[in-house]
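1. need a structure here:
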Amino acid sequence: MIINFFIPELNNHDVQELWFQQDGATCYTARATIDLLKDTFGDRLISRFGPVNWPPRSCDLTPLDYFLWGYVKSLVYADKPQTLDHLEDNIRRVIADIRPQMLEKVIENWTSRLDYIRVSRGSPMPEIIFKM
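-> As a prediction, this is how the structure comes out:
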């Protein structure tokens, strides 16, 4: 998927400043995958075994985990797609409908989470509230 879809799609856009963040799932961190992503993103790769190592078990700090996947999944499956084409259409539609203002709120929330972790010197977050 990375070679046949993702990289060609990136080549259609100006991505010189783009960072790639990957969760720590072991299936995503095979040496060949990490090498390919390093070749593509250089030091702009946030991943296990990448140039920027994302903290393990940090779902409270990963916008993809604490917000995006749940949000996208809830909308993609809302009409219970019965075919692969329907599912793919839903995914494309939901992703295309995400507005910059929503992502700005996600980043504001992420920043406040990082501030909390810094001030508390890495203590667990007792209560997580996502503000939209």
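2. just the helices in this structure please.
-> Along the chain, counting by DSSP state H, helices occupy 7-10, 31-41, 63, 69-76, 84-96, 100-119.
3. residues of the longest one that come out buried?
-> Buried residues in helix 100-119, counted by 16 or more other CB atoms under 10 Å: 106, 109, 110, 113, 117. Any C-beta I mention is one placed from the backbone N, CA and C, and that applies to glycine too.
4. Among the helices of the chain, which comes closest to residue 17?
-> Distance to residue 17, taken as CB to CB, is lowest for helix 31-41 among the helices of the chain, at 10.6 Å.
5. Give the other helices and strands that that closest one contacts.
-> With contacts defined as 3 or more CB pairs under 8 Å, 6 or more residues apart in numbering; DSSP states H and E, helix 31-41 has these neighbours: helix 7-10, strand 20-21, strand 45-46.
6. And the buried residues of helix 100-119, which is closest to residue 89?
-> residue 106 (24.3 Å).
7. List the contacts of stretch 42-57.
-> Stretch 42-57 has contacts (CB atoms under 8 Å, 6 or more residues apart in numbering) with 17-24, 28-29, 31, 34, 37-38, 61-62.
8. Go through it and flag the buried ones.
-> 44, 45, 46, 47, 48, 49, 50, 54.
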